[in-house]
Each structure stands twice: as structure tokens, then as C-alpha cells.
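> would you be able to build a 3D model of this:
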Amino acid sequence: MTEGVLQHTPGVFYAWAYWFSACLSIWMSPKRLTVRLLIGVQIGFLLILTFLMTISDGITIIFLPMMFLYMSLILYDIRLTCRYDVQTSIYFAVRTFIIGEFIASLAWQVTFYMATLLQTQVQYTTYAMGMVVTLPLVMLSLYFLEKELKAFNNHLTISRREMLSTLIIGVAVFVISNLSYVVGESVLSVNVSKELFLIRTLVDFAGVALLNAYHFQISGLKARTEKDKLQDMLATQHTNYAMLEQSMSVVNQKYHDLKYQIQAIREGMSAEEGQAYLDQVEKEIKLYEAQNRTGNSIVDTILTGKPIQCQLKEIEFTTVVDGQALDFLDAVQLMTLLGNMLDNAIESTEKITDKQQRLIHLVVTKTKGFVRIRLENRFEGTLEFVDNLPKTTKGKASYHGFGLKSIRSILQQYDGSLDISTRGGWFELSILFPPHSSV
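So this is what the prediction gives:
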């Protein structure tokens, strides 16, 4: 068995390895095509891969450009057949490519030992036997490992940071596993074919293990995030119910007051007293009108309930809000973001002894694509910070910063920034979303 024969893995088997790996990824993902179209696309994909790898087989000078082309074809295949955005498609394409590399490398390793055991030359027939042994083992192992995540993949959205991390891991694994094959002579390469292919197989295996571990980590983190969202939704529903009760109480009180004031006017209330009462009613109506017309129905709903809470706690709450600037956030994110911000501000402000100092001011603006949210409120005493977040004043320390952590989680999804500062008895929370996040 010559070194050249051992060192050269037939391109056609790489084509099949990439194809089977792509089929596994697509099977575990939400499809955008019908079964008939999906089969047609995959047959075409296999034919293109086989053709390109056959004509470029053994031409080392074009190795890297062709690898980039194969990676691009895998990405296009996943993007065409799966309901993923670009970042998530790149994430799965990298995983698919490295799994394909591992399948081909392991099949070659098995082929080598089978040829040695049978005392025969490495040839297409021997390699086919190695592929038959390897493919079912790898594919079934990966299938049973990931089948529980199939439902999770249906709703998976990969962030830019997660996509870049996966891309870096994939590039590093590919470079290290193929360094000796491409470079030949270098500090980090080997020249003995047996060692070369063993190292390549082990590195590819480590890459597959690392990417799978990262995938499980992402799934766990996102599952916890979904749980937190659900808890936020339940908490929001409870808060909304409490606000509804408060609203009904306020409405009933106003109705009760209005009924007796009308009776008093009829029975001889002075003109000055009647005018003062009507002025107060008009002021309260204008307050609710201004807060209920932001251009975003969710924001309008939030800014209808919170002023009632503030009124009951004798807090002056003023707003300058462009609700349309927040249209890029969904309902849960909006309720979590604004709800937590305002709840924290109300909780802090209501503790102020001097009722004249109970002030909260909210501003939401959009300038040159940047969306800025600034919330200011008065507070008494001193604030302690843990991990750059104000230390909770709630009874259970385990709830430390839960609201602000939820806010920070939303900001990470849109590459937003959070700045918290205190000055002269004022607490200021400032949020900035970059232009691309609100598109």
C-alpha cells in the first residue's frame, strides 16, 4: 500500500459524506419544501457535489477554493430547504460540513484498517466497504443524540454571536485537520500518512463533539430563556389583572365622586367650586389622552395601566413616547422591557417620604435609526450594585435583578446597550438600540 494511495481520499466519497450529513441536518429541521421538491433538490445537490468533486479530485492547488465552494453549496442547500434565517442557516451549514468531514475521514480510517486486516490494496471497493460500515454508525448515533432537539430546532433562531462562534470553531477544526494534507511541511504537520489520517479523524471527531455540545448548550440556554419569557408573561398577566382591578376601583371612585358632585351642583354648589372640579376632571382626561396615543397599541396599553398605579401611589408620571419606534419588538418583549423598567421605578419611587419628590419620567425617541429609551425616577438612600445591576430590595435574594436581567437578555438579541447611573437623587436607566436592530 503506497503512501500516495493512502494519502488520497476519493472525492466521490467526500461528496456522499457531505450529502448524508446535509440530509441529516435537513431531517432535523423545519422544511419549507414539499416532500417531492425536497427529494428533487437533494438529488440535484448530490449530483452537483459528485460532479465537482470528481473533476477536482486530487488537484491540491484548488483545494481551498473548492472547499469554500462545497461549504457554500451546503449553505445554499440548507437555506433553500429549511425554514431558517441566514444566520441560523450558516450555523447548521458549518455543523453539516464538519460532520461530513468526520464521516469521510472515519470511513477512510476504517477502510485502511480493513485493507490491512484483509491484506489487500486500498481501492474504491474497499473504501465503499468502509463507508458502508461507517455511515450507519455515525448517522444513527447523531440521529438518536439529536432527535429530542428536533422540536426545538423548529423554533430555533441563532444570534450573530452564536453563528460567529460556530463559524470560528468550524474553521479551526477544518484547518487543523487538513493542515498536514495541504501544507505538507510545517511545524504543526506530520508526514506519515497513518498518523496524518489518524490525527485528522480525531480532530474531526473532536470538532463534531464540540459543535454538538455547543448546540446542546444553546438549546438549554434558549429553553431557559423561553421559560423566563413564560414566567414574564404570567407575571404580566397577573399585573394586568391587578391593574384592571385598580382601574375599576378608580373608575368606580370617579363615578361615585361625579355622581355626588353633580348632585352638589344641582343643590347649589358655587360656580367657583364647580369650575375647579371640572378643571380637575379635564386635567385627568388630558393626561390619559396623551399617554394613550403613542402609535403602538401595546405601548398604549402599558401606559394606560402604569399611570393608574402611579396615581394610587401619589407618583407624578410624565412621558414623551414615540411608540412606533418600538415596533420591531414583539408584544412579550415590549411588556417585559417597559413593564420591568416602570415596575422598578414605581417600587423605588413610592418609598420616598416627600410626596412632592415622587417623580418618574419616560422618554422614547428615534433619531437616525437609533432608538433610545430613557427612564428617570427619584429615589431615597443609596443603591448597591452587583454585576453592574442594582441590588434587589425584594425579600428573596434569589430574585436579584431578575427584571433587569430580562431587559439585558432582550438587548443582547438586538445588540443594544444598557447604561445605569445615579446623580443627585435621580436614578437613570438608558437603553440604546442600533439602527439595524429596529429594521
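> what's stretch 48-68 in contact with?
8, 10-12, 14-16, 18-19, 69-70, 73, 174, 182 (CB atoms under 8 Å, 6 or more residues apart in numbering). Just so you know, the C-beta spots here come from the backbone N, C-alpha and C atoms, and that holds for glycine as well.
> which one of those residues is nearest residue 224?
If you rank the contacts of stretch 48-68 by distance to residue 224 using CB to CB, residue 174 comes first, at 31.3 Å.
> give me the nearest residue to the most centrally placed residue in the chain, chain neighbours excluded.
In the chain, the residue lying closest to the centroid (CA atoms, centre = their mean) is residue 159, at 4.7 Å. Leaving aside its sequence neighbours, residue 159 sits nearest to residue 413 (CB to CB, 6 or more residues apart in numbering; 6.5 Å).
> coming back round to it: please name the residues that touch the residue nearest to the centre of the chain.
87, 412-413.
> from residue 222, how far off is the residue nearest to residue 159?
11 Å (CB to CB, to the nearest Å).
> how about the nearest residue to residue 411, chain neighbours excluded?
Residue 411 sits nearest to residue 418 (CB to CB, 6+ apart), 5.6 Å away.
> part of a strand, is the one you found?
Yes: assigned with DSSP: H, G, I helix; E, B strand; the rest coil, residue 418 falls within a strand.
> low-confidence ranges in the stretch 151-300 of the chain?
180-197, 225-271, 273-275, 277-293 (pLDDT under 70).
> my read: residue 201 touches residue 102, true?
Yes: the pair residue 201 / residue 102 is scored as a contact, 7.4 Å apart, by CB atoms under 8 Å.
> the strand or helix carrying residue 64: how far from the chain's middle?
Assigned by DSSP states H and E, residue 64 belongs to helix 63-81. The gap between where helix 63-81 is centred and where its chain is centred comes out at 24 Å by CA atoms, centre = their mean, to the nearest Å.
> do the same with stretch 44-61
Counting by CA atoms, centre = their mean, stretch 44-61 comes out at 36 Å from the chain centroid.
> and it, which residues are buried?
Of all the residues in stretch 44-61, those buried under the rule 16 or more other CB atoms under 10 Å are 45-46, 49-50, 52-53, 56.
> over to stretch 144-160?
For stretch 144-160, a neighbour-count test (16+ other CB under 10 Å) marks 146, 149, 152-153, 156, 158-159 as buried.
> what's across from the residue nearest to residue 411 in the sheet?
As for beta bridges, residue 418 partners with residue 431 under DSSP bridges.
> verify the contact between it and residue 412 for me.
No: contact criterion CB under 8 Å: residue 418 and residue 412 do not qualify, at 9.7 Å.
> hey, what's residue 374 bridged with?
Bridge pairing for residue 374 - DSSP bridges - gives residue 363, residue 430.
> swap in residue 320?
residue 363.
> quick one: residues contacting it.
Counted by CB under 8 Å, 6+ apart, residue 320 has contacts 362-365.
> how's this structure carved up into domains?
3-227, 292-438 (automatic domain parsing).
> tabulate those in CSV, adding columns for distance to residue 276.
Converted to CSV, the domains of the chain look like this (distance: least, CB to CB, whole Å):
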stretch, distance to residue 276
domain 3-227, 52
domain 292-438, 19
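> burial of the residue nearest to residue 342 when sequence neighbours are not counted, as a residue count?
The spatial neighbour of residue 342 that comes closest, neighbours along the chain excluded (CB to CB, 6+ apart), is residue 306 at 4.9 Å. Using other CB atoms under 10 Å, residue 306 is surrounded by 25 other residues.
> ok, residue 306 touching residue 340?
No: Residue 306 is beyond contact range of residue 340, at 11.6 Å (criterion: CB under 8 Å).
> which helix or which strand is home to the closest residue to residue 118 other than its chain neighbours?
Spatial nearest neighbour of residue 118, excluding adjacent residues (CB to CB, 6+ apart): residue 126 at 7.9 Å. According to DSSP H and E, residue 126 maps onto helix 124-146.
> give me the buried positions along stretch 320-331.
321-323, 325-326, 329.
> correction: stretch 11-21
Buried-residue list, stretch 11-21, by 16+ other CB under 10 Å: 11-21.
> thinking again about what came up before, okay, residue 413 and residue 222: which has more neighbours?
Between residue 413 and residue 222, residue 222 has the larger neighbour count (other CB under 10 Å), namely 17 against 14.
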